[in-house]
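J.: predicted model and sequence below, questions to follow.
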Amino acid sequence: MISVTCVAPVNIALIKYWGKRHEDLILPVNDSISMTLSTDDLCAKTTVTASETFEQNRMWLNGDEVPFEESSRLQRCLKEVHRLALKNGNQKVPPSWKIHIASVNNFPTAAGLASSAAGYACLVYSLSRLYNIPLNEELTTVARQGSGSACRSLYGGFVQWHRGALDNGIDSVAKPIASSTHWPNMHVLILVVNDERKKTGSTKGMQQTVKTSQLIKHRVEKVVPERITQLREAIANHDFQTFAEITMKDSNQFHAVALDTYPPCVYMNDVSHRIVSFVHDYNEIMGSYHAAYTFDAGPNACLYVLEENVPSLLNAVQKVFPSDIMDSAAYLRGLAVPKLDSNPKIEASQKIKIESLDSHAKNAFRYIIHTKVGEGPRELSADNSLLFNGLPLDHKG
Ligand code: DP6
């Protein structure tokens, strides 16, 4: 019995992937760029065990067994890993052995954060360790076939997923742009919004967009290629002003395209729109961009902010979006935030203007996660295993 346990990060797109040119191979209509978040605060953890004695492939997700053989994306990833293992010829484990997989997220699925990216990246990375396959561009094409955005979670820092031009997808790969140490003071506040609405999932939503939206053509042909060049430059130069503007504009355009879909895909809610106005008001008070929002296929906001500006931003967020449990550890998760008084950057006149911003109804957020740019997946020691003799710890019967 051979076992491997790994963690992999969540990534949040700055320039969004939305729309496929091939459904099964998961080939996108445009390039995208993301930032990888620290695994200390958000990650997927996966154990893969292979044994000659296992009779079938099995998988447990957050403790519950899920039907392995029915998931074509899972099957495709495993098939691709086996192909690379054979090609590589340097195997510890024969591909004929069946595998058991257990995977968990260290954040509640209720947070509505893209768990599939971290999950598939972790699965593919763990399999690559099991079968001794190097982390390279080709491995990103495997993660991509689990969930498109997963290919970007195989690297830390800032990552570009290239659309590629070939029909077989071998050039649709993720490549690192800058490592996690390049812009180490790039932090994120994730505002987890209370929302119970049932939304169209990303896979189906983007299918309908490609079928029905006319706006997406302009986005893909004109807007994204220009933004990719500008954002790469902004990242290289640590230029937060350009970074913030492109990030916010691209989030807005992605949601405009989602609304241009017929029937429309509505992901942001009233609180999300309040956050957008708040960030613009806040930046105006501060005299330049101090925060940038982005929203994925749900109502939660990710606010990019430089470390030195976190106390001031959080103070303003809590003024405009008050909560009954504001100071509890369950409300403010992740990295600690220093006291505002220790931040000399905010002037008295700015403080007064922030105090005078209108407050929203109480308890709009479930909680806030403070995190930062982080590294790619890594292997953990055997004592972190989620499987014991091939079964989850709490497995019954
Ligand atoms: C809005 O990667 O979840 O988060 O490839 O169908 O699995 P599939 O979709 P998925 O879509 C992510 C969409 C997004 C934008 C992004 O992460 O780039």
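T.: Cool, got the structure.
J.: surely P311 is within a helix?
T.: Yes - according to DSSP: H, G, I helix; E, B strand; the rest coil, P311 belongs to a helix.
J.: show me where the stretch 201-350 of the chain has its helices.
T.: 202-212, 215-218, 224-236, 240-260, 270-286, 310-320, 348-355 (DSSP state H, counting those that start in this stretch).
J.: now render those as a markdown table, adding mean neighbour count.
T.: (C-beta placed from N, C-alpha, C; glycine too.) Formatted as a markdown table, those follow (neighbours: other Cβ atoms under 10 Å):
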| stretch | mean neighbour count |
| --- | --- |
| helix 202-212 | 17 |
| helix 215-218 | 17 |
| helix 224-236 | 17 |
| helix 240-260 | 20 |
| helix 270-286 | 18 |
| helix 310-320 | 20 |
| helix 348-355 | 13 |
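J.: let's have those helices in a markdown table, adding mean pLDDT and distance to the ligand.
T.: Shown next, in a markdown table, are the helices of the stretch 201-350 of the chain (pLDDT from 0 to 100; distance: least, Cβ to the nearest ligand atom, whole Å):
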| stretch | mean pLDDT | distance to the ligand |
| --- | --- | --- |
| helix 202-212 | 97 | 4 |
| helix 215-218 | 98 | 13 |
| helix 224-236 | 98 | 11 |
| helix 240-260 | 98 | 7 |
| helix 270-286 | 97 | 13 |
| helix 310-320 | 96 | 22 |
| helix 348-355 | 91 | 31 |
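J.: which of those sits closest to G390?
T.: Counting by Cβ to Cβ, G390 lies closest to helix 202-212 out of the helices of the stretch 201-350 of the chain; the figure is 30.9 Å.
J.: just checking, what packs against that closest one?
T.: Helix 202-212 is packed against strand 20-22, helix 240-260, with contacts defined by 3 or more Cβ pairs under 8 Å, 6 or more residues apart in numbering; DSSP states H and E.
J.: what's the following helix or strand past the shortest one in contact with?
T.: When you say that, I think you mean strand 20-22. Using DSSP states H and E, the next helix or strand after strand 20-22 towards the C-terminus is strand 27-28. With contact meaning Cβ atoms under 8 Å, 6 or more residues apart in numbering, strand 27-28 is reached by 17, 19-21, 148, 161, 163-164, 169, 172.
J.: each with direction, which strands does strand 27-28 pair with?
T.: strand 20-22 (antiparallel) (DSSP bridges).
J.: quick revisit: how about the helices and strands packed on helix 202-212 in JSON lines, adding distance to D358?
T.: What follows is those, written out as JSON lines (distance: least, Cβ to Cβ, whole Å):
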{"stretch": "strand 20-22", "distance to D358": "41"}
{"stretch": "helix 240-260", "distance to D358": "21"}
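J.: of all those, which lies closest to L37?
T.: helix 240-260 (14.5 Å).
J.: and for N185, the neighbour number?
T.: For N185, the neighbour count with other Cβ atoms under 10 Å is 14.
J.: neighbours of the residue in the stretch 251-397 of the chain that the ligand sits nearest to, how many?
T.: Using Cβ to the nearest ligand atom, the single residue of the stretch 251-397 of the chain nearest to the ligand is D296, 3.9 Å away. Residues near D296, counting by other Cβ under 10 Å, number 23.
J.: for the one 3 residues further on, same thing?
T.: Other residues within reach of P299 by the criterion other Cβ under 10 Å amount to 24.
J.: that one contacts R274, doesn't it?
T.: No - with contact defined as Cβ atoms under 8 Å, P299 does not reach R274; the gap is 10.6 Å.
J.: contacts only, for the closest residue to N309 other than its chain neighbours.
T.: Spatial nearest neighbour of N309, excluding adjacent residues (Cβ to Cβ, 6 or more residues apart in numbering): H290 at 4.8 Å. By Cβ under 8 Å, 6+ apart, the contact set of H290 is 282-283, 305-306, 309, 312-313.
J.: what about H290, distance to T247?
T.: 13 Å (Cβ to Cβ, to the nearest Å).
J.: widest-spaced pair of the contacts of strand 27-28?
T.: Farthest pair in those, by Cβ to Cβ: G19 and G169, 15.0 Å.
J.: looking at the two, which one has more neighbours?
T.: Neighbour count, other Cβ under 10 Å: between G19 and G169, G19 has more, with 22 against 19.
J.: and the nearest residue to that one once chain neighbours are set aside, how many neighbours?
T.: Once flanking residues are discounted, G19 sits nearest to V29: 4.0 Å by Cβ to Cβ, 6+ apart. For V29, the neighbour count with other Cβ under 10 Å is 20.
J.: my guess is V29 meets K20, correct?
T.: Yes - V29 is within contact range of K20, at 6.6 Å (criterion: Cβ under 8 Å).
J.: which neighbours do these two have in common?
T.: With Cβ under 8 Å, 6+ apart, V29 and K20 have common neighbours V210.
J.: and the pLDDT for T261?
T.: The per-residue pLDDT reported for T261 equals 98.
J.: what sits up against stretch 340-357?
T.: Contacts for stretch 340-357 (Cβ under 8 Å, 6+ apart): 278, 281-282, 285-287, 308-309, 311-312, 314-316, 319-320.
J.: ok, so of the contacts of H290, who is nearest L37?
T.: V305 (13.4 Å).
J.: right, and that closest one touches A316 too?
T.: No - the criterion here is Cβ under 8 Å, and V305 misses it with A316 at 10.7 Å.
J.: helix or strand for L127, which one?
T.: Using DSSP H and E, L127 falls in helix 115-130.
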